[in-house]
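Asks: give me a 3D structure for the following:
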Amino acid sequence: MRLRDISFFISTLILAAALSAALDVMAAEPGPITPEEGKAMVQQQTDLVILDVRNPNEYVTVHYPDALNIPVNELETRLNEVPQGKPVLVHCGLGKRAQRGYEILKEKRPDIKELYYINGEVIF
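Replies: Next up is the predicted model:
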């Protein structure tokens with residue numbers, strides 16, 4: 001093999017690995033995802049609804065731009081505020097409230113087909 005052929009082969013492998021990693025993030029199974037997957041999802045999906053289920057005083061400190069803030073203890077009475085027809089990513093600070101928010105939405109809003117929550121400390 002010539003040096004040029006080897007270089008092309010290596011470049012192709014690197015590109016394939018990068019595309020595979022990107023597709024893994026974009027095609028994550030609904031349910032729990034890691035903080036790293038959540039951050040990548042926020043950066044890559046423009047139609048994503050980011051649902052922050054922390055309390056308002058936590059939300060004002062730091063939050064994702066355009067995130068919808070509905071505290072988990074208010075979620076059942078405010079379900080209609082979560083848009084339909086879009087993927088939804090639920091998060092809190094460490095993952096417990098996000099999991100509860102996910103469970104509420106999964107039960108009460110079966111129309112949301114792409115529903116995820118960050119299981120762990122959120123990376124802003």
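
Asks: residue ranges in the protein under the pLDDT threshold?
Replies: 1-28 (pLDDT under 70).

Asks: which residue ranges form the strands in it?
Replies: Under the criterion DSSP state E, the chain contains strands at 31-33, 49-52, 68-69, 88-91, 115-118.

Asks: which ones are touching Thr34?
Replies: Taking Cβ atoms under 8 Å, 6 or more residues apart in numbering, we find Thr34 in contact with Ile118, Asn119, Gly120. Bear in mind the C-beta positions are built from the backbone N, C-alpha and C, glycine included.

Asks: closest to Gly85 out of those?
Replies: The closest of these to Gly85 turns out to be Ile118 (Cβ to Cβ; 21.6 Å).

Asks: can you say which of the strands of the chain is nearest to Glu81?
Replies: Of the strands of the chain, nearest to Glu81 by Cβ to Cβ is strand 68-69, at 6.8 Å.

Asks: not counting its own residues, what contacts the closest one?
Replies: By Cβ under 8 Å, 6+ apart, strand 68-69 touches Val49, Ile50, Leu51, Asp52, Arg54, Pro56, Tyr59, His63, Glu81, Val82.

Asks: tell me which two of those sit farthest apart.
Replies: So, these by Cβ to Cβ: farthest apart are Val49 and Pro56, at 18.2 Å.

Asks: quick one, which of the two is more surrounded?
Replies: Val49 (20 against 11; other Cβ atoms under 10 Å).

Asks: on that earlier part again, using JSON lines, lay out the contacts of strand 68-69 together with distance to Pro71.
Replies: Formatted as JSON lines, the contacts of strand 68-69 follow (distance: Cβ to Cβ, whole Å):
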{"residue": "Val49", "distance to Pro71": "16"}
{"residue": "Ile50", "distance to Pro71": "15"}
{"residue": "Leu51", "distance to Pro71": "11"}
{"residue": "Asp52", "distance to Pro71": "9"}
{"residue": "Arg54", "distance to Pro71": "7"}
{"residue": "Pro56", "distance to Pro71": "7"}
{"residue": "Tyr59", "distance to Pro71": "9"}
{"residue": "His63", "distance to Pro71": "13"}
{"residue": "Glu81", "distance to Pro71": "12"}
{"residue": "Val82", "distance to Pro71": "13"}
